[in-house]
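Student: Have a look; sequence and predicted model below, questions after that.
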Amino acid sequence: MAILNFARRSEPTPADDRLDAFLKGYSIEVMPRTAEKVEDFRALLPQGTRVYIAHIDGTPIEDMVATAARLSAEGFDVMPHFPARIIRDAATLEDWINRYQGEAGITQGLILAGGVSEPVGDFHSSMQLLETGLFDRAGFKRLHVAGHPEGNRDIDPNGGDAMVLEALRWKQAFAGRTDAKMAMATQFAFEAQPIIAWANRLKSEGIDLPIHIGVAGPAKLQTLIKFAIACGVGPSLKVLQKRAMDVTKLVLPYEPTELLADLAQHKLENPDSLIEQAHIFPLGGIKTAAKWVTDNTGDAGRPAAASA
């Protein structure tokens, strides 16, 4: 296939440098059905990029494992989702782990509750999956858990964060018991200051898990609002709603430049912040998101095939 040829930017500004530094080592998310539409990920992503594979209810485990094997073979650092509420029991979990390891060489996973309201079996939380000890026994080297900068009404129906904090304290304690490296990957949001305040609060509460901030990639405004409402995005949704009221911006695609620049500035001024890197949700398409990152980074953000 033709190698994508992304033009190199001219002289970078200081803001570009900050954004470039923050985007280095970014991760991105795909699903089996979206991955099928990409002929070669090496033409889109830097070699070694961590690629999460979202496991939506109804997706056969065979499709998940096949996608993981393909991405691993193409040279990427693959992290499949393990959603507790769609895993029937410990035997099913062990079977998934064995398939991922045996067929794709996977030794990491994002452990989360999942988006369905009613569990199909024994599990309803990520903590229950971790408590089985199956990931440790399988020698998983990295385990990520979900973070919620704007709260999670599934966990705290009253809109507070008491239960979310209790769960994070449990995960913090688990991090001390496991040999696997742990981090939080968060839901996407659209405003930097609430994210920064949340990260600072966690640190003050004794949580020290690194945070990989979820960021919505470039997309049509209507698409983003639809996903944001479906995913329970909180107060920062008003950023999109305000933009939608501006006729001059309504037809322009949203880009996360301002959000990421603010987070990059915070990280520059606070290098010990829990905020570690960006995790991209390609809501406007994997190719669109990958090209946007490439256009806003230096050589470390360029696709493997494009730099060959």
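Tutor: Good, I have the coordinates.

Student: So, low pLDDT: which residues of the stretch 151-300 of the chain?
Tutor: Residue ranges of the stretch 151-300 of the chain with pLDDT under 70: 151-160, 225-252, 299-300.

Student: how about the strands of it, start to end?
Tutor: Secondary structure of the stretch 151-300 of the chain (DSSP state E, counting those that start in this stretch): strands at 181-188, 211-216, 275-281.

Student: Take the ones you listed and lay them out in JSON lines including mean neighbour count and distance to residue 23.
Tutor: Where you see a C-beta, it was placed from the backbone N, CA and C, and this is true even at glycine. Formatted as JSON lines, those follow (neighbours: other C-beta atoms under 10 Å; distance: least, C-beta to C-beta, whole Å):
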{"stretch": "strand 181-188", "mean neighbour count": "20", "distance to residue 23": "15"}
{"stretch": "strand 211-216", "mean neighbour count": "25", "distance to residue 23": "9"}
{"stretch": "strand 275-281", "mean neighbour count": "22", "distance to residue 23": "6"}
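
Student: Looking at those, spot the one closest to residue 107.
Tutor: For the strands of the stretch 151-300 of the chain, the distance to residue 107 is smallest for strand 181-188, at 10.8 Å, taking C-beta to C-beta.

Student: strands paired with that closest one, and their directions?
Tutor: strand 142-147 (parallel), strand 211-216 (parallel) (DSSP bridges).

Student: Can you add distance to residue 24 and give these back as TSV?
Tutor: Formatted as TSV, the strands paired with strand 181-188 follow (distance: least, C-beta to C-beta, whole Å):
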stretch	distance to residue 24
strand 142-147	18
strand 211-216	13
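
Student: right, and those strands - which one's nearest residue 110?
Tutor: So among those, strand 142-147 is nearest, using C-beta to C-beta, at 4.6 Å.

Student: tilt between the closest one and strand 275-281?
Tutor: Interaxial angle, strand 142-147 versus strand 275-281 (axes from the mean of the first three to the mean of the last three C-alpha atoms, to 10 degrees): 80 degrees.

Student: contacts for strand 142-147?
Tutor: Identification of contacts with strand 142-147 by C-beta atoms under 8 Å, 6 or more residues apart in numbering yields 79, 107-113, 126, 130, 135, 168, 171, 178, 180-187, 209, 211-212.

Student: cutoff 7 Å now
Tutor: Applying C-beta atoms under 7 Å, 6 or more residues apart in numbering, the set of residues contacting strand 142-147 from outside is 79, 108-112, 126, 135, 171, 178, 180-186, 211.

Student: just to revisit the earlier point, would you list the strands of the stretch 151-300 of the chain in a markdown table and tack on distance to residue 74?
Tutor: Below are those laid out as a markdown table (distance: least, C-beta to C-beta, whole Å):
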| stretch | distance to residue 74 |
| --- | --- |
| strand 181-188 | 21 |
| strand 211-216 | 22 |
| strand 275-281 | 18 |
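
Student: Ok, which of these comes nearest residue 51?
Tutor: Nearest to residue 51 among these is strand 275-281; the distance by C-beta to C-beta comes to 10.3 Å.
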